[in-house]
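**Q** sequence first, predicted coordinates after that:
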Amino acid sequence: MRITSSAGLGLAFFLLTLSAPAFAHHGFSVEFDKDNPLTITGTVTKMEFMNPHIYFYLDVKGKDGKVVNWAFEGGPPNVIYRQGWRKDTLKPGDVVTVKGFRAKDGSHLAACSTVKLPDGREVSAGSGGVSQNGYGSATPADGKK
């Protein structure tokens, strides 16, 4: 059977479009540093409960008194929903403590592993698959250990 060049080109384009989502998604180790854990306490400013990952934001006061807004990436909504999360688990004004891993680029972004809620419960955020057991914490304002 002989395939024409236009049919071959069409087939190649079709196969490429099927694989595009796989290229677009990143792995934990591409963006986050498992060797740079942190623990941050701050005030929730916003919660985004949507695919492909949840994000929430905290205002964090550094040792110098300056407030920095941090972004935290959690797992996919369907995963953390099964762990007990809902769209209103974190509300603006809630003070929470987050454990996670800082972005490799040094920005105020981290992969969240757990969140200690205002009522004292600690919930998993289902991100990354790296446990923070045995790791230390970082200074919120500068991320240094």
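**A** Structure's in. What do you need? The structure presented is a predicted model; accordingly, all values stated were derived computationally and were not measured.

**Q** drop to CA atoms for contacts and neighbour counts, all remaining ones
**A** Noted.

**Q** can you show me the strands along the chain?
**A** 32-48, 55-61, 67-73, 95-103, 109-116, 122-124 (DSSP state E).

**Q** tabulate those (CSV), appending mean pLDDT, mean neighbour count and distance to Arg82.
**A** Compiled in CSV, these are given as follows (pLDDT from 0 to 100; neighbours: other Cα atoms under 10 Å; distance: least, Cα to Cα, whole Å):
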stretch, mean pLDDT, mean neighbour count, distance to Arg82
strand 32-48, 93, 19, 17
strand 55-61, 97, 21, 17
strand 67-73, 96, 19, 17
strand 95-103, 96, 24, 20
strand 109-116, 94, 24, 15
strand 122-124, 92, 16, 11
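
**Q** nearest to Tyr81, out of those?
**A** strand 122-124 (10.6 Å; Cα to Cα).

**Q** strands paired with that closest one, and their directions?
**A** Applying DSSP bridges, strand 122-124 is found paired with strand 109-116 (antiparallel).
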